[in-house]
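1. Need a 3D model of the sequence below.
(2 chains)
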Amino acid sequence: MVIAVASGKGGTGKTTIAANLAYFIRDAQVIDCDVEEPNAHLFLKPEIIKRETMCLPIPVVDESKCTHCGKCGEVCEFSAIFVIKNKVMVFPELCHGCGACEYFCPEKAIREEKREIGIIESGTAGGLSFVHGILNIGEPMSPPLIRRVKELIEPGRTVILDSPPGTSCPAVETVKGADFCVLVTEPTPFGLNDLNLAVEMVRKIRVPLGVVINSCNIGDSGVNEYCKNEGIPVLMSFPWDRRIAEQYSMGTLMLKNLREYIEHYATLFDKIKAELYSKNETAHSHKR
Amino acid sequence: MKQLTVISGKGGTGKTSITAALAVLAKEPVIADCDVDAADLHLILAPETVESGDFSGGKVALIDESKCTKCGLCERLCRFDAIHEFIVDPVSCEGCAFCAHACPEDAITMERTLSGRWFVSNTRAGTMAHARLGIAEENSGKLVTLVRKMASNAAEKERRSTLITDGPPGIGCPVIASITGADLLLAVTEPTLSGIHDLKRVVDVSKHFNIPVVVCINKCDINPYNASEIEKYCVENGIEVVGNIKYNPEVTRAMIQQKSVVEHECGDVTVEVKNMWERIRGRLGT
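-> Numbering: from 1, shown residues only, chains lettered A, B, ... in the order given. Alright, predicted model coming up:
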């Protein structure tokens, strides 16, 4: 079972929910897919056992074979390689690594070399298995690194994916293929606006979803009304509690020191499972 | 014209609330909302759109079933796992067109996708450029660049001296597109371990692109120790801390009333944001 924790708006508590839920489940796998700003490790404090670099293939041109025919530039959609006068220019940051230039070069003058865009670290935190990716500074493209960390999903385990904020490529890449998506929001106009966008995104990629409302005692009733009208289950609400904010600020899991919230996570996990079960039932009955 | 971009690394630190307040304080600035995949600034500044258009950023492959001989070459060549059973999954398709160039039957074409809409609007603070990215669409970096271009065109036309940009969270493509060419970055952080961790990464990005940065510590009283750690880090790195804003629930109430924190009485917050703007103005030289 793969559960993505995503949001739309940043700072609503994705990492808090993801890390504490994993801590509650005990033997889950946590994959921090927010490779631009990974934070889950600050709370789970994993022991890193393995570190690997993530590379993208980029073209390297053998000038002795190149006839400057310009075919590579013609097939590159991203202007990452082109010929001007008698020189081939390559712009590694623009290259998506599709391999078209190498394939089409009539002189076989292009080979691929690896360019590092980030690293992947994996390890353990108590009974949890932990993976995160860290995008290199100045590197624009995070989705290839997110794809790679998701390849480390351990089959058969309960997996929690901590998603980056937003509703475009990095969030889509994370939530795609998950069994369930928990959208974390707050009951404010910003929270509602971004929840709405996130719901549309998750629905478009056909992942069942539910909502967790953080700081439910501040703000207005807009998020609750929206969920009711859209038929979206509100799986759990957490109050604004200064102690939660303080625990968070110190990088401490709230479940370690605020044990009264353990029931919240137990219910949240039960509701996720119930939602998944009912979705599967409906899918089966449709097939029949 | 001087350009200020507000960033944070970590999401939810208060970028948009602060951008809205600075926009109101600045004398007739032009404003750009570059957080195009979760844009919120319009909820405070209530823009009235005067101009808008479609944005088409990317392309996706489309297989013409009538020409396809199911040879399977496209599926073998695709490195993005976007083609299965001779059908392209538009969400996975990278738009590289490798398959279209390689198809022996010329059965694959690249179709432009409508990735979003851009707007130029009037607000009480000044002209604002903003956008809405299509659902689950890519290319937010390109849309960011377009929004910034619209904003700087407006600034030139109206002879405005300041362009204030609300940036996205993170450090990737849309952030890079939001900061290139800016004169000053305002990094809004919070005194949490996540806030500090993410601030350092976004400061490294600003160094990488050689753009000066100043820091605002939001909700600084949530953890005074961490706030002092941020101060220390900033001193060590020659970064000016231009604002220390305390946590105040009135900030949420201002948002609900569609007001910035300088238009709704938020006590200390209102005062400190005004002081902060004066310090930023000094740095911008406007």
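
2. and A:S79, how many neighbours?
-> Counted with other C-beta atoms under 10 Å in any protein chain shown, the neighbours of A:S79 add up to 11. In this view, the C-beta of every residue, glycine as well, is placed from N, C-alpha and C.

3. neighbours of the nearest residue to it once chain neighbours are set aside, just the number please.
-> Leaving aside its sequence neighbours, A:S79 sits nearest to A:L94 (C-beta to C-beta, 6 or more residues apart in numbering or on different chains; 6.1 Å). Look at A:L94: counted by other C-beta under 10 Å, it has 14 neighbours.

4. Can you check the pLDDT for A:L94?
-> Turning to A:L94, the model gives it a pLDDT of 89.

5. do the one 3 residues further on as well
-> At A:G97, the predicted lDDT confidence score is 95.

6. where in the stretch 51-200 of chain B is pLDDT low?
-> B:139 (pLDDT under 70).

7. how about the strands in it?
-> Taking DSSP state E, counting those that start in this stretch, the strands of the stretch 51-200 of chain B run over residues B:59-63, B:83-84, B:87-88, B:108-112, B:116-122, B:127-133, B:162-166, B:184-189.

8. helices and strands around the first one, which ones?
-> It refers to strand B:59-63. strand B:87-88, strand B:108-112 (3 or more C-beta pairs under 8 Å, 6 or more residues apart in numbering or on different chains; DSSP states H and E).

9. For B:E231, pull up the helix or strand it's in.
-> Element membership for B:E231 (DSSP states H and E) is helix B:224-236.

10. domains in the chain, as residue ranges please.
-> Using chain A here. A:2-54+A:126-279, A:63-108 (automatic domain parsing).

11. if you could check chain B rather than the one you did, that'd help
-> B:2-56+B:134-284, B:59-112.

12. for those domains, which one ends up most surrounded?
-> Across the domains of chain B, averaging neighbours per residue (mean count of other C-beta atoms under 10 Å in any protein chain shown) puts domain B:2-56+B:134-284 on top, at a mean of 21.

13. Just the endpoints, please. Distance across it?
-> One end of domain B:2-56+B:134-284 to the other measures 7 Å (C-alpha to C-alpha, to the nearest Å).

14. Ok, stretch B:198-218 next?
-> With C-alpha to C-alpha, one end of stretch B:198-218 sits 14 Å from the other.

15. quick one: the helices in the stretch 1-150 of chain A?
-> Taking DSSP state H, counting those that start in this stretch as the criterion, the stretch 1-150 of chain A contains helices spanning A:14-25, A:40-44, A:71-75, A:100-104, A:143-150.

16. okay if I get those helices as CSV plus mean pLDDT and mean neighbour count?
-> Below are the helices of the stretch 1-150 of chain A laid out as CSV (pLDDT from 0 to 100; neighbours: other C-beta atoms under 10 Å in any protein chain shown):
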stretch, mean pLDDT, mean neighbour count
helix A:14-25, 98, 26
helix A:40-44, 98, 23
helix A:71-75, 96, 19
helix A:100-104, 98, 21
helix A:143-150, 96, 22
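
17. among the ones you listed, which is nearest A:T158?
-> Taking C-beta to C-beta, helix A:14-25 is the member of the helices of the stretch 1-150 of chain A nearest to A:T158, at 5.5 Å.

18. That closest one and chain B in contact?
-> Yes - residues of helix A:14-25 are located near chain B by C-beta under 8 Å from any C-beta of the partner chain, namely A:T15.

19. From the chain's centroid, how far away is that helix?
-> 15 Å (C-alpha atoms, centre = their mean, to the nearest Å).

20. How about the residues of the stretch 51-200 of chain B by chain A?
-> So the stretch 51-200 of chain B meets chain A at B:59, B:77, B:79-80, B:91-92, B:94-98, B:101-102, B:110, B:133, B:135-138, B:140-141, B:168-176, B:190-195, B:197-198 (C-beta under 8 Å from any C-beta).

21. burial measure for A:V172, as a count.
-> Neighbours of A:V172 under the rule other C-beta under 10 Å: 25.

22. List the residues that contact it.
-> Taking C-beta atoms under 8 Å, 6 or more residues apart in numbering or on different chains, we find A:V172 in contact with A:201, A:205, B:91, B:136, B:138.
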